[in-house]
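*Asks:* Sequence and predicted model, in that order:
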Amino acid sequence: MDEKIDFHTHQLSPSSWNRFEECPRKYWLSKQKLPKKASMPASIGTVIHNSVEDICNINLEVVNTDKKGWFDEVCTDIFQKQWSKEKKTFLDTPRHSKWKDELRDKSFQGLLGAVKILLSKAGLQISETSEISYNSWKSVQKIIIVNEGTLFSECGRITGRLDLLVSEIKEGKTIGWIVADLKTGKPPELKLDNKVSRQLRLYRDLVAINNPNHPPLSVEGWYSNNQKVYIETGPSVINQAFEAWQKMSPSALPFQATPSEKSCSFCEWKAWCPSWWIAVNDGILTPGKMFRDEVAKLVRFDYESAVALFERLPPDGDEGKLQNSDYRFGAFLKDRPLEKLLEISIDKPDAELFLGSIRFDGKTAHLGDWSEIIQWNPLNNSKI
Ligand code: SF4
């Protein structure tokens with residue numbers, strides 16, 4: 001490695017690495033301090049992760065553990081506190097959809113799923129959390145070596161967020177360490193996705209680097225949804241990570257865009273990227289059937305009846321310029337998009353707009369809390 005490189009300029013984490021591989025432009029845009037978009041799956045993940053952290057840290061000496069159902073009560077309190085905190089953060093994020101309180105119970109079940117995996121790792125056969133005693137939770141706390149920590153390579157270039165490092169117990173004895181990554185999304189049917197596998201191995205490699213005298217080390221993905229543990233045994237990825245880090249050096253000019261159905265479908269930076277819109281217009285990407293994104297300008301708007309007429313603006317060149325077209329479509333609006341369009345129609349009625357995730361019913365568009373309207377603002381140079 002070239003020690004003259006200023007490694008403080010950027011760091012590689014498993015998620016930034018994945019983003020870079022999916023589409024280098026997506027990674028570049030994610031570093032431009034653009035307004036972030038909150039998402040419900042990410043928020044649920046945060047709630048469960050933070051709740052598990054708090055539950056692992058329960059001070060058993062100040063809780064009445066003789067009371068029946070004490071653990072469920074503490075768990076519910078912790079979860080509710082984290083749920084409310086995350087809801088506030090979500091709603092305070094300028095770009096957000098609707099907060100779904102109806103997912104609360106399912107998310108709480110996810111938390112209990114993580115608790116049950118912890119119990120099994122401590123060698124306890126407890127199927128109902130209401131049966132957890134002072135001694136059983138103490139046994140769980142005893143196997144936890146690290147609960148939420150940040151990992152770094154020696155040079156600081158590679159980083160990762162460790163959920164849990166726990167002792168591996170067999171017949172009451174510690175036989176090794178388990179690097180555990182808690183997953184709150186959909187569990188895989190057979191084996192781990194390549195990106196998840198690489199992420200787990202990177203965490204394991206970083207723990208090994210930071211602890212040269214470590215005991216036998218294994219790495220596991222803990223899926224809270226089905227309480228299934230996936231063991232990852234693949235080879236080290238640390239050298240690949242350093243190679244990727246080199247390619248991810250900051251640049252004033254945008255990195256190459258590699259539009260594809262997979263990388264573009266959930267990309268939150270479309271309003272700043274001309275490439276996906278060019279790819280749609282060239283027939284390389286399908287526009288989407290029921291839900292689609294559009295780049296358009298406002299032709300007419302009636303706030304009282306919440307209807308608008310838009311004109312699609314196809315791309316003109318490679319840098320995000322747009323041209324007029326004869327294609328117009330009507331739209332019904334409600335919720336935040338309706339208020340946003342009112343604001344735009346007053347401040348910048350001629351603005352070019354990115355309309356994200358609009359629902360089409362025949363030729364008519366519907367915009368509500370599931371969609372967003374922001375100004376089209378292709379970024380061809382770094383502004384930071
Ligand atoms: S919209 Fe597609 S091409 Fe553009 S940055 Fe996102 S993933 Fe890349």
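*Replies:* On my side now, so go ahead. Numbering: from 1, shown residues only.

*Asks:* Give me the helices and strands touching the lengthiest helix in the chain, please.
*Replies:* Counting residues, the longest helix found in the chain (DSSP state H) is helix 70-92. If you count contacts as 3 or more CB pairs under 8 Å, 6 or more residues apart in numbering; DSSP states H and E, helix 70-92 packs onto helix 40-56, helix 104-121. To be clear about C-beta, it is placed using only N, CA and C from the backbone, and glycine gets the same treatment.

*Asks:* nearest to the ligand, of those helices?
*Replies:* helix 40-56 (16.9 Å; CB to the nearest ligand atom).

*Asks:* Can you give me every residue that contacts the residue sitting nearest the centre point of the chain?
*Replies:* The centre of the chain sits closest to Ala42, judged by CA atoms, centre = their mean, with a distance of 4.5 Å. With contact set as CB atoms under 8 Å, 6 or more residues apart in numbering, Ala42 has no partners.

*Asks:* Same list, the helices and strands packed on helix 70-92, but as TSV with mean pLDDT and distance to Tyr230 please.
*Replies:* Listed next are the helices and strands packed on helix 70-92 as TSV, based on pLDDT from 0 to 100; distance: least, CB to CB, whole Å:
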stretch	mean pLDDT	distance to Tyr230
helix 40-56	97	17
helix 104-121	96	11
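
*Asks:* Would you state the helices of the stretch 201-350 of the chain in chain order?
*Replies:* Assigned by DSSP state H, counting those that start in this stretch, the stretch 201-350 of the chain shows helices spanning 238-247, 261-265, 275-281, 335-347.

*Asks:* Kindly report the residues of the protein close to the ligand.
*Replies:* Within the chain, the residues that sit near the ligand (CB under 6 Å from any ligand atom) are 23, 25-26, 29, 257, 259, 263-264, 267, 269-270, 273, 275-276.

*Asks:* about what we covered before: let me know which of the helices of the stretch 201-350 of the chain is tucked in deepest.
*Replies:* Sort the helices of the stretch 201-350 of the chain by mean neighbour count, taking mean count of other CB atoms under 10 Å, and helix 275-281 sits at the top with a mean of 21.

*Asks:* Can you dump the C-alpha atoms of it in PDB for me?
*Replies:* Output of helix 275-281 as PDB, limited to C-alpha atoms (Å, rounded to 0.1, in the frame of the first residue of the first chain):
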ATOM      1  CA  SER A 275     -28.200   8.800 -17.300                       C
ATOM      2  CA  TRP A 276     -31.200   6.800 -16.300                       C
ATOM      3  CA  TRP A 277     -33.500   9.200 -18.100                       C
ATOM      4  CA  ILE A 278     -31.400   8.900 -21.300                       C
ATOM      5  CA  ALA A 279     -31.500   5.100 -20.900                       C
ATOM      6  CA  VAL A 280     -35.300   5.100 -20.600                       C
ATOM      7  CA  ASN A 281     -35.600   7.300 -23.600                       C
END
